[in-house]
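> Let me see the structure of the following:
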Amino acid sequence: MLDSILGSIRGLGRRVTDRIWRLGFASRFFIAIFLHSGTALRRFSLTIREIYFTGVLSLIIILVSGLFVGMVLGLQGYDTLQRYGSSEALGILVALSLVRELGPVVAALLFASRAGSAITAEIGLMKATEQLSAMEMMAVNPIARVVAPRFWAGVISMPLLAALFSALGVFGGYLVGVQLIGVDEGSFWSQMQASVDFRQDIVNGVIKSFVFGVIVSWIAVFEGYDADPTAEGVSGATTRTVVTSSLAILAADFVLTAFMFRGI
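Alright, predicted model coming up:
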């Protein structure tokens, strides 16, 4: 009985120690990306190519999802506002919901699922096939040549994708609210314009999406670089990227919201 308890305590301690060690290694890896970002910035064509891979190829799912999220917001929002005689405020509800919260968060979750997992799988396969080791043999730093361009591509792409998501969401709310249900078009746009503050709403939403881009890109490149060089290791790293990124996005969203909107 005592041996079983001691074994459980040792196992728990080992797991905690491993998690702390891995967090420290991830932090050192994050610093190394910044220290070796010169190649990605000097040879910006490397980053541009990765922006196409992470950003442009994610446009379809971002735009379609944003449109449908906006349409759902229009339907649900109108049903709720109509009960209180405030259906003309539908534009405010749709715009603030998307710009402040749903745009950055949902776009980041989709970005983690599509681009983040792809980045992890690509770097993991490069490690499994010893391409990263070959670069080191040729005196090419794989962090500078492979990791940093993908990291900065994700950081640059994420705010742009979140902005497009919000824009298509507002358009979807307009289609449902004005064209389908019959809310006054002038009230929809004028109240939205009067109520959405550039600094408090739009800028804070951009800051959120930028932070989410850093988080997702960091986790994606780290998991790929740290993956075991086997098929099982790469698949596990890809799964960890999606799960960890999703949880980190939601946790960071709460922290950022608490700081940004605590005075409202």
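
> Where does pLDDT dip in this structure?
Low-confidence segments of the chain, defined by pLDDT under 70: 1-3, 6, 262-264.

> Contacts only, for the most centrally placed residue in it.
Central residue of the chain (CA atoms, centre = their mean): Ala108, 2.7 Å from the mean position. Ala108 is in contact with Met158, Ala162, Ser209, Phe212, Gly213, Ile215, Val216, Ser245, Ile249, counting by CB atoms under 8 Å, 6 or more residues apart in numbering. Bear in mind the C-beta positions are built from the backbone N, C-alpha and C, glycine included.

> Can you show me the helices along this structure?
For the chain, the helices defined by DSSP state H cover 2-35, 38-42, 44-54, 59-82, 90-96, 103-111, 117-128, 131-137, 142, 148-174, 185-195, 204-226, 231-260.

> Identify the residues contacting the fifth one?
Residues outside helix 90-96 that contact it (CB under 8 Å, 6+ apart) are 70, 73-74, 77-78, 81, 169-170, 173-174, 177, 183, 187-192, 195-196, 201.

> Just the buried subset of those residues, written out for ChimeraX, thanks.
Buried members of those, defined by 16 or more other CB atoms under 10 Å, are picked up in ChimeraX with:
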select :70,73,74,77,78,81,169,170,173,174,177,183,187,188,191,192,196,201
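
> Including neighbour count, could the contacts of Ala108 go into a markdown table?
A markdown table is the format used below for those (neighbours: other CB atoms under 10 Å):
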| residue | neighbour count |
| --- | --- |
| Met158 | 29 |
| Ala162 | 30 |
| Ser209 | 25 |
| Phe212 | 28 |
| Gly213 | 28 |
| Ile215 | 22 |
| Val216 | 31 |
| Ser245 | 26 |
| Ile249 | 24 |
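
> and the residues you listed as JSON lines, adding distance to Thr230?
Formatted as JSON lines, the contacts of Ala108 follow (distance: CB to CB, whole Å):
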{"residue": "Met158", "distance to Thr230": "30"}
{"residue": "Ala162", "distance to Thr230": "35"}
{"residue": "Ser209", "distance to Thr230": "35"}
{"residue": "Phe212", "distance to Thr230": "30"}
{"residue": "Gly213", "distance to Thr230": "30"}
{"residue": "Ile215", "distance to Thr230": "27"}
{"residue": "Val216", "distance to Thr230": "24"}
{"residue": "Ser245", "distance to Thr230": "22"}
{"residue": "Ile249", "distance to Thr230": "28"}
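
> from those, which is closest to Leu98?
Ala162 (9.5 Å; CB to CB).

> how close does the closest one sit to Ser209?
Separation of Ala162 from Ser209 (CB to CB, to the nearest Å): 4 Å.

> Could you measure from Val243 over to Asp79?
For Val243, the distance to Asp79 - CB to CB - is 34 Å.

> again with Pro159
32 Å.

> Counting neighbours around each, name which of these two comes out higher.
Pro159 (20 against 11; other CB atoms under 10 Å).

> is it true that the more buried one touches Val206?
Yes. Using CB atoms under 8 Å, Pro159 makes contact with Val206 at a distance of 5.5 Å.

> what do those two both touch?
If you check Pro159 and Val206 against CB under 8 Å, 6+ apart, no residue is contacted by both.

> Quick check: the gap between Thr241 and Arg22.
Thr241 is 14 Å from Arg22, by CB to CB.

> In contact with Gly213, which residues are there?
Ala108, Phe111, Gly154, Val155, Ile156, Ser157, Met158, Pro159.

> Likewise for Ala107?
Going by CB under 8 Å, 6+ apart, Ala107 touches Ile62, Ser65, Gly66, Met158, Leu161, Ala162, Phe165, Ser209, Phe212.

> can you rerun that using 10 Å?
58, 61-62, 65-66, 69, 98, 158-166, 169, 208-209, 212-213, 249 (CB atoms under 10 Å, 6 or more residues apart in numbering).

> Please apply the same query to Ile219.
26, 112, 116, 119-120, 154, 240-249.

> ok, of the residues you listed, which come out buried?
112, 116, 119-120, 154, 240-242, 244-246, 248-249.

> I am finished for the moment; much appreciated.
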